[in-house]
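Peer 1: model the following, please.
(one chain, ligands or ions: 1)
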Amino acid sequence: MITLDQYSAKIATAKTPDEVESIRFELFGRKAGVLTLAMKDLGTKSPEDKRTQGQALNVIKVELEQLLDARLAAIASESFGSLGESDSLDVTLDLPEAEIGHKHPIHEYIRKAEEVFGRMGFDTANGPELETEHYNFDMLNIPESHPARDLQDTFWVSSLDRTVLRTHTSPMQIRYMEKKKPPFRMICAGKVYRKDSDATHSPMFHQIEGLMIGKSVSLANMKAVMEQAIRELVDPTVEFRWRTGYFPFVEPGLEMDLRWRGDESKSREGRWLEVVGCGMVHPQVLKNVGIDPEEFQGFAFGFGVERMLMIRHQIPDLRSFFQGDLRFLRQF
Ligand code: DAH
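Peer 2: I've put the predicted structure just below:
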């Protein structure tokens, strides 16, 4: 016959919840629990013994269950109580100030450009950086043999047929025109890639493409939009000049240069930096997307984002944007 004392001492020495549970199992386990077996054994007793011993066992059972539960609760409160020693919190301690970062200057600038063009009625579009030769070149009137394909120092993707890291954002003109019916105005900003690296080139940089098509959109409209954008995005007093430029997807084509100012080294002071290519969308490009060039016309442009920021903030080396030097990034 089991006694209460035997087990109450054992329960009192259990130190972890697991130890308590294993005693519970030893007592009440369905097949071989000590109490379970004692209860079963009652079946073999005389009616008189069955009654007295059964009552006694029930009392022991209830008491043991209470002891087990009480021990579990005690273990929990002991470990909580000792947290004070093992896990102290000194509220008078000076903590280092939390570092709160901010958006990369390029991304802040792109948001600003979307807002400036948004006010002029331009929709914002997005497109893939992994682009097909079809969109990056063919549809833009840059045929297979065209030297412009070499000029752009393309990164080809060796594992995918006729696929490139887009060399410019101009393929978005095509993707947009294939989906929408003119008239429309859109800009698309994003990363572009070329095998180039020096103070004014980086193998990855950002462009903002723009496109405006309608029944009577003119070159004069283009110049007005671009000059307004430059004043807002670079500086109201920045000096710029227009030149003719050649791009197979526009006719005529133009380039806009901005004048360097306040360059510390003085090496660039007064010199010009090309920041945008643009022009009237070539009739062949409109035909490629099923727009009738007799009915619609318009302009397109592609800004170099880093270059605009270089002039705006007098940054001598374009690669500074991507070197991750916090002394540089914190200035924005
Ligand atoms: N995609 C050209 C480049 O990266 C820039 C450009 C020129 C874009 C003329 C245009 C454009 O939309 O009309 O060199």
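Peer 1: okay, buried residues for the helix or strand containing Glu78 please.
Peer 2: With elements taken from DSSP states H and E, the one containing Glu78 is helix 47-81. Residues of helix 47-81 classed as buried under the neighbour-count rule (16 or more other Cβ atoms under 10 Å) are Gln53, Leu57, Ile60, Lys61, Leu64, Leu67, Leu68, Arg71, Leu72, Ile75. In this view, the C-beta of every residue, glycine as well, is placed from N, C-alpha and C.
Peer 1: the ligand: which of these is nearest?
Peer 2: The nearest member of the buried residues of helix 47-81 to the ligand, counting by Cβ to the nearest ligand atom, is Ile75 at 70.5 Å.
Peer 1: right, and that closest one touches Thr13 too?
Peer 2: No - with contact defined as Cβ atoms under 8 Å, Ile75 does not count as touching Thr13 (11.4 Å).
Peer 1: what is the burial count for Asn288?
Peer 2: A count of neighbours around Asn288, defined by other Cβ atoms under 10 Å, yields 17.
Peer 1: now do the helix holding Glu78, average pLDDT.
Peer 2: Averaging pLDDT along helix 47-81 yields 87.
Peer 1: and that helix, what other elements does it pack with?
Peer 2: Where contact means 3 or more Cβ pairs under 8 Å, 6 or more residues apart in numbering; DSSP states H and E, helix 47-81 is packed against helix 4-13, helix 17-28, helix 34-41.
Peer 1: same list (those helices) but as CSV, adding mean neighbour count and mean pLDDT.
Peer 2: Shown next, in CSV, are the helices and strands packed on helix 47-81 (neighbours: other Cβ atoms under 10 Å; pLDDT from 0 to 100):
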stretch, mean neighbour count, mean pLDDT
helix 4-13, 13, 85
helix 17-28, 15, 89
helix 34-41, 15, 86
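Peer 1: if we can go back for a sec, show me which pair in the buried residues of helix 47-81 is furthest apart.
Peer 2: For those, the farthest-apart pair by Cβ to Cβ is Gln53 and Ile75; their separation is 32.6 Å.
Peer 1: about what we covered before: which among the helices and strands packed on helix 47-81 is found nearest to the ligand?
Peer 2: The closest approach between the ligand and any of the helices and strands packed on helix 47-81, judged by Cβ to the nearest ligand atom, belongs to helix 17-28 at 67.6 Å.
Peer 1: for the closest one, name the packing helices and strands.
Peer 2: Counting contacts by 3+ Cβ pairs under 8 Å, 6+ apart, helix 17-28 is packed against helix 4-13, helix 34-41, helix 47-81.
Peer 1: and the gap between the residue of the stretch 1-150 of the chain found nearest the ligand and Phe247?
Peer 2: As assessed by Cβ to the nearest ligand atom, the ligand sits closest to Leu140 within the stretch 1-150 of the chain, at 8.0 Å. Counting by Cβ to Cβ, to the nearest Å, the separation of Leu140 from Phe247 is 9 Å.
Peer 1: equivalent analysis for Asp123, please.
Peer 2: 23 Å.
Peer 1: those two: who's more crowded?
Peer 2: Using other Cβ under 10 Å as the criterion, Asp123 and Phe247 rank with Phe247 on top: 22 against 15.
Peer 1: which residue sits closest to that one in space, ignoring its chain neighbours?
Peer 2: Taking Cβ to Cβ, 6 or more residues apart in numbering, and ignoring the residues beside it in sequence, Phe247 has Gly253 as its nearest neighbour in space, at 4.6 Å.
Peer 1: close to the ligand, is the helix or strand where the one you found lies?
Peer 2: For Gly253, the element it lies in under DSSP H and E is strand 250-259. Yes - contact check for strand 250-259 against the ligand, using Cβ under 6 Å from any ligand atom: residues in range are Val250, Gly253.
Peer 1: kindly export that strand (C-alpha atoms) in CSV.
Peer 2: The C-alpha coordinates for strand 250-259 follow below in CSV (Å, rounded to 0.1, in the frame of the first residue of the first chain):
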residue,chain,number,x,y,z
VAL,A,250,14.2,60.1,-81.9
GLU,A,251,14.3,62.6,-84.7
PRO,A,252,15.4,65.3,-84.2
GLY,A,253,17.5,64.4,-81.1
LEU,A,254,18.9,66.8,-78.5
GLU,A,255,21.1,66.7,-75.5
MET,A,256,21.1,69.1,-72.6
ASP,A,257,24.3,69.9,-70.7
LEU,A,258,24.5,71.6,-67.2
ARG,A,259,27.3,73.8,-66.2
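Peer 1: now do the buried residues in that strand.
Peer 2: Val250, Gly253, Leu254, Glu255, Met256, Asp257, Leu258.
Peer 1: which residues of the protein fall in strands?
Peer 2: Remark: strands assigned in the chain by DSSP state E are 123-125, 130-132, 163-165, 184-193, 204-214, 240-244, 250-259, 272-281, 297-304.
Peer 1: Phe117: which of those is closest?
Peer 2: Using Cβ to Cβ as the criterion, the shortest distance between Phe117 and those is 4.8 Å, found for strand 184-193.
Peer 1: return the residues of the stretch 151-300 of the chain in contact with the ligand.
Peer 2: When proximity is defined by Cβ under 6 Å from any ligand atom, the stretch 151-300 of the chain lies next to the ligand at His168, Ser170, Glu209, Phe247, Val250, Gly253, Gly277, Cys278, Gly279, Ala300.
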